[in-house]
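Undergrad: based on what follows, work out the 3D shape:
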Amino acid sequence: MSDHQTDRLSAVIHGRVQGVGYRAFAARSARELGLTGWVRNRFNGTVETVAEGTRPRLENYLRDLKRGPGPSNVTQIDEDWSPATKEFNQFKIRMTR
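TA: Next up, the predicted model:
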């Protein structure tokens with residue numbers, strides 16, 4: 001696998017992840033890592049994210065997601081890896097769904 005090949009990480013984060021600055025934290029991490037995609041709250045209390053970039057950068061993003069901002073408490077992350085679709089040109093915070 002080439003270091004320049006891009007992958008897609010889709011993840012749902014469980015725990016105390018709403019009302020604690022988690023989306024802003026995730027978006028900042030993704031932007032600093034040069035990833036594209038989005039993050040949003042879900043009505044069931046979880047946070048969902050889709051990010052694209054190189055595998056090492058996505059693994060760093062996943063590490064950050066597991067850590068979360070100070071007041072958060074991540075209990076589980078459901079992750080799914082697939083080839084990038086390259087449909088994004090930046091990283092955004094989306095509306096709750």
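Undergrad: hey, where'd the strands end up in this protein?
TA: Counting by DSSP state E, the chain has strands at residues 6-16, 36-41, 47-54, 73-83, 91-93.
Undergrad: quickly run through the sheet partners of the second one, with directions.
TA: It refers to strand 36-41. strand 47-54 (antiparallel), strand 91-93 (parallel) (DSSP bridges).
Undergrad: for the first one, the distance to its chain's centre please.
TA: When distances are taken as C-alpha atoms, centre = their mean, to the nearest Å, strand 47-54 is centred 4 Å away from the chain's centroid.
Undergrad: in it, what's buried?
TA: Val47, Glu48, Thr49, Val50, Ala51, Glu52, Gly53, Thr54 (16 or more other C-beta atoms under 10 Å). All C-beta spots, glycine's among them, are computed from the backbone N, C-alpha and C.
Undergrad: okay if I get those residues as a markdown table plus distance to Leu62 and pLDDT?
TA: Below are these laid out as a markdown table (distance: C-beta to C-beta, whole Å; pLDDT from 0 to 100):
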| residue | distance to Leu62 | pLDDT |
| --- | --- | --- |
| Val47 | 13 | 99 |
| Glu48 | 14 | 99 |
| Thr49 | 10 | 99 |
| Val50 | 13 | 99 |
| Ala51 | 9 | 99 |
| Glu52 | 13 | 99 |
| Gly53 | 11 | 98 |
| Thr54 | 13 | 98 |
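Undergrad: packing partners of the lengthiest helix in the chain?
TA: Taking DSSP state H as the assignment, the helix of the chain that covers the most residues is helix 55-67. If you count contacts as 3 or more C-beta pairs under 8 Å, 6 or more residues apart in numbering; DSSP states H and E, helix 55-67 packs onto strand 6-16, helix 22-32, strand 47-54, strand 73-83.
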